[in-house]
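Q: Next one to model:
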Amino acid sequence: MVKEGYFFSAPFLVVGVVALVLSWSWTGGILVFLGLFVLYFFRNPRRAIPLAEGLVVSPADGRVMEIVEESLDGTVGWRISIFLAIWNVHVQRAPVSGRVADVVYRPGRFYAAMRSAASRENEQNIIYIHTRGGRIVFKQIAGAIARRVICWKREGEEISRGELMGLIRFGSRVDVWLPLEARVAVKRGDSVKGGESILAEWNSTA
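A: Below is the predicted model:
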């Protein structure tokens, strides 16, 4: 459980218990249910992080929506987009080991996360990770319901593959940009787990 879960669930649980004590059964039951759901939403399960060299793991739980070639800052690479449903784990993990070169917050719209335009136009954090073999980028993208993207890492910090990086509150989408030489190991429609599922093979330690 991440600490935000206790902060958001406590009001529902406290008021719900008071309502039950006062015999407001329906109101109390609904509030307690909502509080328990919020706790469930902010869960942080243990993950078995792959140890082999040259692997890129998924930064989030969800379903692969798109795998396309896309230019980033003038360089063409692979963009892998992952949709997070409301029942998925919503913490994000580092896809590779390296150094956080920059974290750029970009305000924007709140299109539905399933739309391709969300990758370009929605509110997002863009996280640049430098490794010995080059850089990758991943984005935490808000959606129609999710209205807050949170990154717990800052520029200059060293990170390890699978390490916790941040959270999207009640949403929504994560994009990963990889160099074109990376060998993508997933396909559209695949379900992935953050920190555990292998997205691609890339010789990032070369």
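Q: Give me the sheet partners of whichever strand in the chain runs longest and which way each runs.
A: Using DSSP state E to define each element, the chain has its longest strand at strand 62-72. Looking at strand 62-72 with DSSP bridges, its partner strands are strand 75-83 (antiparallel), strand 191-192 (antiparallel).
Q: And the last one, how far out from the chain middle?
A: In this view, strand 191-192 has its centroid 12 Å away from the chain centroid, taken as C-alpha atoms, centre = their mean, to the nearest Å.
Q: just stretch 136-153 next, same as before
A: Distance, centroid of stretch 136-153 to centroid of chain: 7 Å (C-alpha atoms, centre = their mean).
Q: per-residue confidence averaged over it?
A: Stretch 136-153 carries an average pLDDT of 79.
Q: what about dumping the CA coordinates of that stretch to PDB?
A: Taking C-alpha atoms only, stretch 136-153 is exported to PDB below (Å, rounded to 0.1, in the frame of the first residue of the first chain):
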ATOM      1  CA  ILE A 136      14.500   5.800 -23.000                       C
ATOM      2  CA  VAL A 137      11.500   8.000 -22.100                       C
ATOM      3  CA  PHE A 138       8.200   7.100 -20.400                       C
ATOM      4  CA  LYS A 139       5.200   9.200 -19.800                       C
ATOM      5  CA  GLN A 140       2.600   9.200 -17.000                       C
ATOM      6  CA  ILE A 141      -0.600  10.400 -18.800                       C
ATOM      7  CA  ALA A 142      -3.800  11.600 -17.100                       C
ATOM      8  CA  GLY A 143      -7.100  10.700 -18.600                       C
ATOM      9  CA  ALA A 144     -10.800  11.600 -18.400                       C
ATOM     10  CA  ILE A 145     -11.000  10.400 -14.800                       C
ATOM     11  CA  ALA A 146      -7.400  10.600 -13.700                       C
ATOM     12  CA  ARG A 147      -6.500  14.200 -12.900                       C
ATOM     13  CA  ARG A 148      -3.200  13.900 -11.200                       C
ATOM     14  CA  VAL A 149       0.100  12.400 -12.300                       C
ATOM     15  CA  ILE A 150       2.800  12.100  -9.600                       C
ATOM     16  CA  CYS A 151       6.500  11.300 -10.000                       C
ATOM     17  CA  TRP A 152       8.500  10.500  -6.900                       C
ATOM     18  CA  LYS A 153      11.900  10.900  -8.600                       C
END
